[in-house]
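> A structural model of the following input is requested.
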Amino acid sequence: MTTLITNIGELTTNVGTVDDPCGTLHDAAVLIEDGRIAWVGAASEAPRPSTGSEVIDAGCRAVIPGFVDSHSHLVFAGDRAVEFEARMAGQKYAAGGIRSTVAATRAASDEELRARLRGFLAEMLAQGTTTVEIKSGYGLSVVDEERLVRLAAEVTPEVTFLGAHVVPAEYADRPDDYVDLVVGPMLDACGPHSKWIDVFCETGAFTVPQSRRVLEAGIARGLVPRVHASQLGPGEGVRLAVELGAASIDHGTYLTEEDVVALAASDTVLTLLPGVEFSTRQPYPDARRLIDAGVTVALACDTNPGSSFTSSMPFCIAVAVRDMGMTPAEAVWAATAGGARALRRDDVGVLTPGARADLVLLDAPTRIHLAYRPGVPLVSAVWKDGVAVAW
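All right, here's what the predicted structure looks like:
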């Protein structure tokens, strides 16, 4: 199957320069062959499409890479709307609310979880997300964590084992015993379905020594570390993650200067989650400070029922621009190429020959409109592996 998308007013390739990391082309075209990008360049220089090829006129609108959401918790049951209402009335967010979702998730059948998962994925795809990472963490038993990563693996290769999300109620007085379970039988059951290992290194969740045990056990089994850190307050989680070569540190709401220096000197991506601060009323991270310091930043939705029940990357981009000091170009890069970096992928988040043909056509002349027109459904069409999946 060959498709030529031409008459693109603004094309974001993310193959750029220091002055333009988005690699912006105007009056451009993209040729897709067999699910991959075959050619990118000026529309006037586009290869002549072969007989039977599909030719699509973008109408001078903008095209960007598909969004890469590198942090989500999509396999769960129930919701926490009442908790959200309480926070809006002034109650402080705490990690312990996760346990209510654990109870609902344990009670749900595989088919119920599978149906809800696929519903969320369809919702994300319609908003331009073509690659998604999915974490476990709402089972917190060997049986339930195994089925969460197994269900996630049905829909994405980017599966993260997060048995160390919080200590479940039955282990409330024995947190170290729960860590024994996570690094032993639970990892044995979940490791074969997972690519990544994660831990919530935070007050109210897991200490630094406990987090180290979890991450090092995962690394020994061939999983690559990711870390939830510095969401609720400053701590040592960021430096632990950098030391262990984590692909990403997620949240980073409260970072010390030492944290920023360590991140800037590392290959670890800092994944910011604007929906969390929007939903919890915590202070927004200063993305401007991070980018200026040389930290690689990604944006993700953190779709979950407690602290960020949004699946909209355009919404997160708008918040990052409005409240976190990012330019529209930086936010779009972070939501595409940045997410790919956080997943250590070079085949998504960019539009260059050989990359997967994951593209989004915006009903707008420029990517700026994603922040300029918040809440407006600007995604006009989505291609995943060269196939139009939303139009």
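> name the element Gly119 belongs to?
helix 110-126 (DSSP states H and E).
> following element in sequence after that helix, please.
strand 129-132.
> which other helices and strands does that following strand contact?
With contacts defined as 3 or more Cβ pairs under 8 Å, 6 or more residues apart in numbering; DSSP states H and E, strand 129-132 has these neighbours: strand 67-69, strand 379-384. All C-beta spots, glycine's among them, are computed from the backbone N, C-alpha and C.
> hmm, who's touching the following helix or strand past that strand?
For strand 129-132, the following helix or strand on the C-terminal side (DSSP H and E) is strand 134-135. Residues from elsewhere that reach strand 134-135, judged by Cβ atoms under 8 Å, 6 or more residues apart in numbering: 71-75, 117, 152, 155-156, 158-162, 165, 198.
> among these, which are located in strands?
159-162, 198 (DSSP state E).
> return the set of buried residues in stretch 342-359.
By neighbour count on 16 or more other Cβ atoms under 10 Å, the buried set for stretch 342-359 is 342-343, 345, 348-352, 355-359.
> now for the contacts of strand 134-135: which two are most distant?
Val155 and His165 (20.0 Å; Cβ to Cβ).
> what number of residues lie near the residue nearest to Ala246 when sequence neighbours are not counted?
Leaving aside its chain neighbours, Ala246 sits nearest to Pro225 (4.3 Å; criterion: Cβ to Cβ, 6 or more residues apart in numbering). Neighbour count for Pro225, taken as other Cβ atoms under 10 Å: 24.
> please shift the residue numbers so they start at 40 in all later answers.
Okay, residue one is now 40; in that scheme the one you just asked about reads as Pro264.
> any idea of the mean pLDDT for the strand or helix carrying Pro264?
Per DSSP H and E: Pro264 is located in strand 263-268. Averaged across strand 263-268, pLDDT comes to 98.
> for the helix or strand following that strand, enumerate the helices and strands it packs against.
Following strand 263-268 in sequence order, the next helix or strand is helix 276-282 (DSSP H and E). The contact analysis (3+ Cβ pairs under 8 Å, 6+ apart) places helix 276-282 against strand 235-240, helix 247-259, strand 263-268, strand 287-290, helix 296-303.
> so which bits of helix 276-282 are buried?
In helix 276-282, counting by 16+ other Cβ under 10 Å, buried: 276-281.
> contacts for stretch 236-248?
Contacts of stretch 236-248 (Cβ under 8 Å, 6+ apart): 133-135, 174, 176, 199-201, 203-206, 214, 218, 226, 249-250, 253-254, 256-258, 260, 262-272, 274-276, 279-280.
> state the mean pLDDT of it.
Mean predicted confidence for stretch 236-248 is 96.
> buried residues, it. List them.
236-241, 244-246.
> would a markdown table of these with distance to Met40 be doable?
Formatted as a markdown table, the buried residues of stretch 236-248 follow (distance: Cβ to Cβ, whole Å):
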| residue | distance to Met40 |
| --- | --- |
| Ile236 | 37 |
| Asp237 | 37 |
| Val238 | 42 |
| Phe239 | 43 |
| Cys240 | 45 |
| Glu241 | 47 |
| Ala244 | 47 |
| Phe245 | 47 |
| Thr246 | 52 |
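> for Val94, state which of the residues you listed is nearest.
Distances from Val94 to the buried residues of stretch 236-248, taken by Cβ to Cβ, are shortest for Asp237, at 43.7 Å.
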